[in-house]
Each structure stands twice: as C-alpha cells, then as structure tokens.
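**Student:** Here is a sequence with its predicted model. Questions after.
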Amino acid sequence: MSSEHQGLVTSTSHDGVAISPEDALLLDTHSLIIREDRVTIADKRKSSKKRDASCCGIAGTGKPSDELVTLHNILWARVYISEDKSAVQITSAKELSSRLVKPSTISIPIDDGDLEKADRWVERLLEKAYEGMYLSAAKRFKVLINPHGGPGTAEKIYKTEIEPIFAAASCHIDVEHTEYSEHAIKIAQELDIEAYDAVVCISGDGVPHEVFNGLARRPDARKALNKIAVCQLPGGSGNGMCWSFTGTDAPSLAAVALVKGKRTPFDLVSVTQGDKRILSFLSQSVGLTAELDLGTENMRWMGNTRFTVGFLQRVITERIYPSEIHVKLAIESKEEIRRNASTVRLPPDGEHEYEGLPPLQYGTVNDPVPDDWVAESHPKMGNFYCGNMICMSKDIHFFPAAKPNDGHMDLATMDGDVGRLKAVGVMLGAETGKHFDIPELNYRKVLAYRFTPKNQKDGYISIDGEKVAFAPFQAEIHHGLGVSLSLRPNVYEGPTLV
Ligand SMILES: Nc1ncnc2c1ncn2[C@@H]1O[C@H](COP(=O)(O)OP(=O)(O)OP(=O)(O)O)[C@@H](O)[C@H]1O
C-alpha cells in the first residue's frame with residue numbers, strides 16, 4: 001500500500017471552525033483522506049465512509065474520524081474566493097446505497113495567504129482524480145434522451161441521478177430529447193463535432209445505433225466517428241453498451257464512470273443487406289436471440305425480465321432456423337481464443353485515403369463470396385449470434401472473449417436441437433461467461449461473414465436490437481473505427497477470459 005500523502009496545510013480559523021496547522025486533507029495513491037474533525041462539511045451525508053470501513057483496502061491514518069473518498073469518486077475541486085472567506089471545495093460522489101451515489105461537497109477554509117498553494121493542490125487533486133486528463137476530459141456532452149426507451153423512465157433517471165453527477169463534475173451539457181424514430185440519425189448527421197466530446201444516449205441500444213449511423217452518413221464520417229465518443233447510460237431494457245463499458249446499469253454509478261472514462265477506440269461492423277449499408281456496434285442475431293430481442297416487444301413493460309420470460313417460452317419448442325453461413329475466420333477454436341486472450345491488437349496506424357466510411361474489404365452481400373471464406377450449412381441452426389461487446393444485457397455476458405478494439409467479431413452458434421437443458425445451461429452460463437466452454441456452443445473470432453436464411457420465408461433478424469428485413473446479409477469488421485469512453489483501456493467490464 002502506498003503511503004504517499006500530500007497534505008493541504010491550513011493554519012487559520014473561519015466561521016468558528018478550528019483548523020489545526022496539520023493536514024486537513026491527505027492525498028493517497030487511490031484516495032483522498034478527509035480529516036473530518038478539521039473541515040467544514042458543506043453537504044455532509046450520513047452514509048459517508050469512515051476510515052475503518054472496508055473501502056478498497058487502502059491504508060491511511062487509521063483514525064476513526066477520517067473519511068476516505070476514492071479518487072474515482074472525486075468529481076471536482078476548486079478554490080472558492082469570496083469577500084469574507086476563501087475555501088477549497090471538493091465535490092465527490094457519495095455512496096448512498098450500492099446502486100446510488102449523489103454529489104456531496106465539502107469546504108475547507110483556507111487563509112488568503114495560502115491561495116496559490118491551494119490552487120496547486122487542487123490541480124494536483126484533479127490530475128490524480130482524472131488520471132492526468134482533467135484538462136482534456138470528455139466534459140462536453142451532447143445528451144440525447146429517448147423518452148420512450150425501455151420502460152419509459154429515461155427522463156426521470158436523467159434528472160434525478162445523471163444530471164446531478166454531470167453538473168457536479170463541471171461537464172458542459174446540451175440536452176435534446178429524441179422526438180421520433182430515427183431522430184438521433186439526423187442529430188448526429190448535423191452535429192457540430194468540434195463542439196462536443198461525446199454523445200451520451202440515455203436510451204436503449206437503439207439510439208446509439210442511430211447515432212453511429214448518423215455519423216456514418218456524413219461526408220466526414222471517418223473524422224466524426226473518430227472525434228465523437230458515443231456512450232450509453234441506462235434508459236432501455238438491455239443497456240448492453242452501458243454494461244460493457246461501465247460494468248453497471250445503476251445510472252448514477254454509470255454516470256460517474258463516464259465522467260471518469262477515457263477515450264477508447266472500438267470496433268464497428270458494416271452490415272450490407274440488399275442495397276443498404278449500415279453500421280452495427282453491438283450485435284447481429286438470427287434465431288433464438290433475435291426472437292428475444294424483437295419478439296418480446298409486447299413485454300416491454302417488464303424491463304429486463306422480458307428476456308428471461310421470452311427465453312423460457314421459446315426454448316421449450318426447440319425451434320430451428322435453417323441457414324447457410326460463409327465465414328472469414330480469424331481465430332477458429334476456443335483453445336486458441338483462450339491462448340490469445342491477453343494479446344492486444346491495436347488498429348494499424350497510418351494515413352487514410354477516405355473521408356467517409358472505410359471501403360468494404362470484402363464487397364457487399366450482392367458480390368460473390370470471396371474464395372477463402374469457409375462455407376457451412378446449418379440445417380438445424382438454433383441461435384446465430386455475433387457480438388462486439390461482452391455484455392448484451394444484465395447478467396448476459398454472452399461474449400466473454402470480446403474486446404473493444406481487437407479487430408474481431410465474436411461469432412457464437414448453436415443448433416436448436418441440442419436439448420432444453422443444454423440451452424438453459426448456455427443461458428445460465430452466460431451470467432459468468434462459463435457457457436464459453438460448453439461444447440455445443442461453437443465460438444469463433446471472425447473478420448467477416450455472410451448469413452443466408454434457408455427454407456424460411458419470414459422471421460427476425462436483429463442488428464443491434466433493431467429489426468431488419470429477413471434476407472441475406474453480410475458483415476465485416478472495421479478495427480477501431482468508433483470511439484467510446486471506458487474505465488480501462490481496451491477491456492470490457494465483466495467476466496472476461498483474461
Ligand atoms: N420520441 C420518440 N418516439 C418514438 N420513437 C422514438 C422516439 N425517440 C426514439 N425513438 C425510437 O425508439 C427506438 C428504440 O429506442 P431505444 O433503443 O432507446 O429503446 P428500446 O428499444 O426500448 O431499448 P432496448 O433496446 O433496450 O429495448 C429507436 O429506434 C428510436 O428511433
């Protein structure tokens with residue numbers, strides 16, 4: 001444990017609060033220790049963690065009157081100067097429950113002679129709290145709220161849990177409500193990309209899908225997709241992107257994770273179908289998963305539970321979806337995927353000769369299948385599921401080998417007649433990623449593929465949870481084309497293979 005303490009020395013008394021000449025605040029490697037007997041707590045909440053509480057196991061002074069705030073939870077700090085007093089004000093996210101944090105501010109009076117020193121200390125605190133990036137932290141947020149997303153609570157969640165965190169972290173916020181289907185495409189197409197660092201969607205997965213596609217339709221698509229981080233905070237039922245990047249769907253905790261998040265390139269997928277080309281950021285599915293995504297719309301009021309109910313309803317019938325797939329393989333066995341789990345594959349550097357979307361390497365679904373793709377017939381396909389993120393919704397970590405920026409799609413397939421117990425086993429195993437080892441589940445890393453339905457006239461094909469025509473489609477990965485904000489570089493939050 002570190003014992004690197006940097007204190008703010010105060011030596012004066014304000015408003016009757018006695019300040020000792022010793023340090024009132026100690027800056028540790030991972031935390032700020034507030035010596036409560038020496039500071040004025042402007043907005044003290046009862047649940048503040050005392051020194052002896054088990055918080056991250058960080059060693060400190062050991063005094064029971066000390067409060068410990070992890071640097072992750074420090075939202076902002078400043079030197080406040082008014083006519084009659086000066087103070088250092090520190091705002092942090094206070095834990096009120098395991099799913100709720102709220103901003104809380106403490107104020108430490110300082111002597112006017114200490115202003116310069118206090119300024120330097122505040123800067124040091126912010127640098128540590130934002131890991132050296134506070135001056136360039138993604139603080140200019142275009143917030144898109146879908147009032148109809150998931151159970152319809154996005155607006156309330158934003159006002160009560162998210163906005164206070166953004167405001168406390170000094171973010172510049174510009175809020176817009178989506179007013180109709182595909183409105184977010186238009187907003188992203190017309191966005192002033194120099195004015196914002198990120199578009200934050202308080203929505204399900206549908207709005208970020210539209211934002212990526214709006215950015216993709218711009219003449220400067222490559223620059224726009226590289227400049228604007230696209231993020232999701234939980235306003236839908238699945239919230240796969242929020243789970244994958246922040247590890248939670250508790251809105252205030254996820255908001256802190258975004259405020260603290262670092263720009264992370266991540267892979268996007270081009271899907272061609274008919275004459276259309278769209279971008280997918282999350283998943284493509286046919287069969288069981290697509291039915292859960294799209295065939296449970298009538299249970300939307302249940303929130304996340306609709307997926308479980310829908311799954312049980314469908315698995316009983318052991319439905320199959322005959323199909324043919326062609327695959328451009330990258331890593332073809334689970335053993336090899338495990339062996340490569342800690343390998344970092346960054347996108348190739350270099351100049352790009354295009355301003356819009358990257359050219360398709362393998363053509364479209366209307367072109368002949370390239371010679372080096374593997375052709376597979378799946379007369380009993382039960383679930384075709386290709387993903388780009390680890391988590392699809394709460395407790396569904398379907399792609400434990402997925403990485404934000406590895407230039408691969410994770411393709412999982414399973415026959416529909418493997419037996420109900422096996423199917424249930426895969427679903428239950430997905431909570432922890434253990435389904436990866438179930439032999440009936442085929443799991444590969446691919447660069448591109450084509451899916452062709454057989455002997456079925458109509459059905460569900462889901463791209464990022466949105467329904468598209470029941471017709472052949474082709475997908476290929478674009479390594480690191482998009483950007484989001486994540487807590488850790490090139491890692492999703494959840495039970496990864498590493
Ligand atoms: N004001 C609106 N009226 C009608 N549709 C809207 C409006 N705003 C957005 N939409 C559409 O709602 C669709 C679904 O959005 P979103 O993904 O946010 O919620 P969801 O589908 O309920 O969430 P989940 O995917 O988690 O179930 C999007 O395709 C979007 O175009």
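**Tutor:** Structure's in. What do you need?

**Student:** Run through the residues that contact whatever residue of the chain ends up closest to the ligand.
**Tutor:** As assessed by CB to the nearest ligand atom, the ligand sits closest to Gly204 within the chain, at 1.8 Å. C-beta here means a position set from N, CA and C on the backbone, and glycine is covered the same way. If you count contacts by CB atoms under 8 Å, 6 or more residues apart in numbering, Gly204 has them with 146, 149-150, 235-239, 465.

**Student:** what's the closest of these to Pro265?
**Tutor:** Asn239 (21.5 Å; CB to CB).

**Student:** count of neighbours near that closest one?
**Tutor:** Close neighbours of Asn239, defined as other CB atoms under 10 Å, add up to 27.

**Student:** Not counting its neighbours along the chain, what's nearest the spatially most central residue of the chain?
**Tutor:** Geometric centre of the chain, nearest residue: Phe245, 2.7 Å, by CA atoms, centre = their mean. Once flanking residues are discounted, Phe245 sits nearest to Ser486: 4.7 Å by CB to CB, 6 or more residues apart in numbering.

**Student:** And that neighbour, how far from Val69?
**Tutor:** Distance check for Ser486 against Val69: by CB to CB, to the nearest Å, it reads 22 Å.

**Student:** of these two, who's got more company?
**Tutor:** Taking Ser486 and Val69 together and counting by other CB under 10 Å, Ser486 has the greater number of neighbours (27 against 24).

**Student:** from what I can see that one touches Lys403, true?
**Tutor:** No. Look at Ser486 against Lys403 with CB atoms under 8 Å: they stay out of range, at 10.9 Å.

**Student:** any residues in contact with both of the two?
**Tutor:** Common neighbours of Ser486 and Lys403 (criterion: CB under 8 Å, 6+ apart): Tyr492.

**Student:** Next, Ile110: phi, psi?
**Tutor:** Main-chain torsions, Ile110, degrees, to the nearest 10: phi -130, psi 160.

**Student:** Partner strands of the host helix or strand of Lys142, with direction?
**Tutor:** Assigned by DSSP states H and E, Lys142 falls within strand 140-145. Its sheet considered, strand 140-145 pairs with strand 172-177 (parallel), strand 198-203 (parallel) by DSSP bridges.

**Student:** If you count neighbours, what's buried in it?
**Tutor:** Going by neighbour count (16 or more other CB atoms under 10 Å), the buried part of strand 140-145 is 141-145.

**Student:** Low-confidence stretches in this protein?
**Tutor:** 1-23, 36-65, 132, 134-138, 300, 303-304, 350 (pLDDT under 70).

**Student:** Packing partners of the helix or strand hosting Arg450?
**Tutor:** Per DSSP H and E, Arg450 falls inside strand 442-453. Counting contacts by 3 or more CB pairs under 8 Å, 6 or more residues apart in numbering; DSSP states H and E, strand 442-453 packs against strand 283-287, strand 323-331, helix 334-339, strand 381-387, strand 409-415, strand 473-486.
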